[in-house]
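Peer 1: sequence plus the predicted model coming up.
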Amino acid sequence: AVLLDYGRAHVTAVVSMLASSPIVAEIYGSEGWVTTDPVYVCPTGLKFSQVEGPTLTWQDESGIKDRDGLCYEATVAAKCIATGLLEPPQYTLDQTLATLGLIDQIRTQLLAQGRSWTPPEAGTK
């Protein structure tokens with residue numbers, strides 16, 4: 001688990017490459033929370049739960065499932081190439097590098113605790 005502090009916002013991330021999990025994301029606020037359908041990286045539905053009020057749901061009716069959701073990224077890449085952009089305005093190189101820097105910080109903290117992970121050899125689990 002990783003705990004991150006952003007002043008008024010806090011993040012807890014639990015990730016495993018060795019154990020099964022429901023692969024959902026939940027975002028909590030003072031007035032309610034949002035839960036994604038599995039697989040959160042390609043959600044097909046969202047549930048909006050309110051502290052006071054009804055629970056609302058949204059379902060993606062596009063027919064896109066699982067990793068087919070990467071078609072959105074492919075479309076953005078094609079538009080960038082066609083218009084001569086080197087990066088999409090929705091997610092810049094600086095944001096990508098910041099995310100990779102966060103991953104490096106997590107890895108450094110894990111190694112400092114004497115914990116590490118070695119990926120399995122190809123074709124094994």
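Peer 2: Structure received. Residues are numbered from 1 along each chain as shown.
Peer 1: contacts, neighbours, all on C-alpha from now
Peer 2: OK.
Peer 1: quick check, central residue of this protein?
Peer 2: residue 41 (5.4 Å; CA atoms, centre = their mean).
Peer 1: how near is that residue to residue 25?
Peer 2: Shown here: residue 41 relative to residue 25, a distance of 9 Å by CA to CA, to the nearest Å.
Peer 1: how distant is the longest helix along the chain from the center of its chain?
Peer 2: Ordering each helix of the chain by length in residues (DSSP state H) puts helix 93-112 first. On the basis of CA atoms, centre = their mean, to the nearest Å, helix 93-112 is displaced by 14 Å from the centre of the chain it belongs to.
Peer 1: so what strands line up beside the helix or strand bottoming out on mean pLDDT in the chain?
Peer 2: Using mean pLDDT, DSSP states H and E, the weakest-scoring helix or strand in the chain turns out to be strand 2-6, at a mean of 77. Each strand that pairs with strand 2-6, with its direction, by DSSP bridges: strand 9-13 (antiparallel).
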